[in-house]
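# Could you look at this predicted model? Sequence included:
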Amino acid sequence: KAGVTQTPRYLIKTRGQQVTLSCSPISGHRSVSWYQQTPGQGLQFLFEYFSETQRNKGNFPGRFSGRQFSNSRSEMNVSTLELGDSALYLCASTTGLAAYNEQFFGPGTRLTVL
Amino acid sequence: KQEVTQIPAALSVPEGENLVLNCSFTDSAIYNLQWFRQDPGKGLTSLLLIQSSQREQTSGRLNASLDKSSGRSTLYIAASQPGDSATYLCAVRGISQGGSEKLVFGKGTKLTVNP
C-alpha cells in the first residue's frame, strides 16, 4: 500500500507570493492533518480535515488555509508569504477520526521564502 | 495548555548499548501517545502508538511505556545500532479547550549511535 505522498517536495518562493501544497493520504484514510516544522518552534499543528470538513485548527494566521476533496486528497494554501513561513510542511493521514488512530506522515514539502 | 518535554535533547551512545528516552506531558487527559523517528530532512516514521488505557507497547527492539497519571512515557531501545541514529519525537493527543484533539509534539531527542 502506498504511503502518504506530498507534492512538491521542494519549493522556493519570494515574499508576498502565495503557495499551494498538496497531500495524498494513504488509500482508505479519510483524515488528513497538516503540521509546520521549524528549528525554533518544532512541530506545530495547522489543521485537520475529515470527510471534507475542517475539524480542528491550530493557532496560525488566516493566511494559512486548507481544504479536502471528496477523494480525501488535501491542499493547503499560504498567501502573502513571509520569511518566517520557511519550514518543512508535513501532512499526515489516518483511517478515521484522528483522535484514536495512528498517524502516518508524508515526506514533507520544504518551503523556502526569500 | 498541553506541553510535551523530551529529555535529553541529545544523546550519544556506543553501538550495542540499551538506552531510554524520556517524554513528559502536563495534561493527563489524553487519548494516546505516539513515538516517531525522523531522519534528517525527512518526514516522520511512526514507531509505536499507546492508547490511554494501555501501559506499554512493543515492536522489535523498541518498548514504549505510558504512565498517564504521572504524565510520563519512556521509549526503550535495546541493543542500539548505528541505523537507530535519528531524532525521536514524542507526541500526545489530548482534548484541549474547544474540543480540539490536536497532536502536540515534544522538541525531540537527537540520538547518535557510534559504531
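Looks like it arrived, so ask away.
# Now do the contacts for B:V13.
By C-beta atoms under 8 Å, 6 or more residues apart in numbering or on different chains, B:V13 lies in contact with B:19, B:80, B:111-114. C-betas here are computed from N, CA, C, even on glycine.
# in which helix or strand would I find it?
strand B:10-14 (DSSP states H and E).
# Where do the strands of chain B begin and end?
For chain B, the strands defined by DSSP state E occupy B:4-7, B:10-14, B:19-25, B:30-38, B:44-51, B:56-59, B:62-67, B:72-77, B:86-94, B:103-105, B:109-114.
# So for the fifth one, what gets flagged as buried?
It refers to strand B:44-51. B:44, B:46-50 (16 or more other C-beta atoms under 10 Å in any protein chain shown).
# Which positions in chain A make contact with chain B?
Within chain A, the residues that sit near chain B (C-beta under 8 Å from any C-beta of the partner chain) are A:4, A:6, A:33, A:35, A:42-45, A:48, A:55-58, A:88, A:90, A:92, A:97-100, A:102-108, A:110.
# rerun at 6 Å
A:42-43, A:45, A:56, A:90, A:99, A:102, A:105-108 (C-beta under 6 Å from any C-beta of the partner chain).
# Low-confidence stretches in chain B?
Applying pLDDT under 70 to chain B flags the ranges B:96-101.
# residues touching the residue nearest the centre of it, list them.
Centroid-nearest residue in chain B: B:C90, 3.3 Å away (criterion: C-alpha atoms, centre = their mean). Going by C-beta atoms under 6 Å, 6 or more residues apart in numbering or on different chains, B:C90 touches B:6, B:23, B:35, B:106.
# mind giving me JSON lines with the residues you listed and columns for distance to A:F69?
Converted to JSON lines, the contacts of B:C90 look like this (distance: C-beta to C-beta, whole Å):
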{"residue": "B:Q6", "distance to A:F69": "35"}
{"residue": "B:C23", "distance to A:F69": "35"}
{"residue": "B:W35", "distance to A:F69": "31"}
{"residue": "B:G106", "distance to A:F69": "32"}
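# Going by distance to chain A, which of those residues wins?
B:G106 (7.5 Å; C-beta to the nearest C-beta).
# Please give the number of neighbouring residues around the closest one.
As a burial measure, B:G106 scores 24 neighbours (other C-beta atoms under 10 Å in any protein chain shown).
# do the same with B:S12
11.
# cool, and B:V20?
11.
# got the contact list for the residue positioned nearest the centre of chain A?
By C-alpha atoms, centre = their mean, chain A has its centre lying nearest to A:W34, at 3.2 Å. By C-beta under 6 Å, 6+ apart, the contact set of A:W34 is A:46-47, A:76, A:91.
# Taking these together, which two end up most distant?
Greatest spatial distance among the contacts of A:W34 (C-beta to C-beta): A:F47 and A:C91, at 10.7 Å.
# Many thanks, I have nothing further to ask.
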